[in-house]
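> Have a look; sequence and predicted model below, questions after that.
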Amino acid sequence: MRPGPFTNQGADAELDMKTTIFHSRRGGVRAGLAAAAIAVSAVLPNAHAGAPAAAAATPVATAESTYRSECSGCHLAYPPALLPAASWQRVMAGLAQHYGSNASLDAPTTRQLTLWLAANAGTGRRAQAAPPEDRITRSAWFVHEHAELQPAVWRRPAVKSPSHCSACHAAAERGSFDEHDGRVPR
């Protein structure tokens, strides 16, 4: 399967820092996947070898499709590489109070998505440390990239908030945040 913008598979996947942020040039993907698997097994008791883990055997396309359908009903299904695995584990563990909303899912779906998010989580410079409150919009990378925007921009009716990526980035749903293709609405 060819890696898509929402997967972090393939050590030789290209990383274009200006368009998509989901692949590693330096082969850090394998190490990141191993670390994610270890971290997930510590959090999810059934995620270790030999345990019934249907979610771990779920094809990537199915997990990605489930992620998109479950999460995009309320917000952009953010690319997993925007956060480190530990952040995704906390986000998924706190779905009952997901940034002020109850986004609870059944246990098998939660397990499937937690494993998929951890396996595709950021492993590079942009996801080195968990941002405050595990908010993508508070990550060092996001703050740096948007530093030139005045606070009033986030309050514009067409923008709404920093988490509304598609307001400025038309290709955000495809995982592209190229600043040259972005346009801040008036």
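Done, it's in. Numbering: from 1, shown residues only.

> and the closest residue to residue 128 other than its chain neighbours, what are its phi and psi?
Once flanking residues are discounted, residue 128 sits nearest to residue 84: 7.2 Å by CB to CB, 6 or more residues apart in numbering. C-betas here are computed from N, CA, C, even on glycine. When read as degrees, to the nearest 10, the backbone of residue 84 gives phi -70, psi 160.

> and residue 84, what is it in contact with?
121-123, 127-130 (CB atoms under 8 Å, 6 or more residues apart in numbering).

> ok, now with 7 Å
121-122, 127, 130 (CB atoms under 7 Å, 6 or more residues apart in numbering).

> Closest one of those to residue 174?
Using CB to CB, the shortest approach to residue 174 within the contacts of residue 84 belongs to residue 122, at 17.5 Å.

> Any chance of the contacts of residue 84 in TSV with neighbour count, pLDDT and secondary structure as columns?
Output for these, formatted as TSV (neighbours: other CB atoms under 10 Å; pLDDT from 0 to 100; DSSP: H, G, I helix; E, B strand; the rest coil):
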residue	neighbour count	pLDDT	secondary structure
121	26	94	coil
122	25	93	coil
127	25	81	helix
130	18	92	coil
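
> which one of the residues you listed is nearest residue 98?
residue 130 (16.2 Å).
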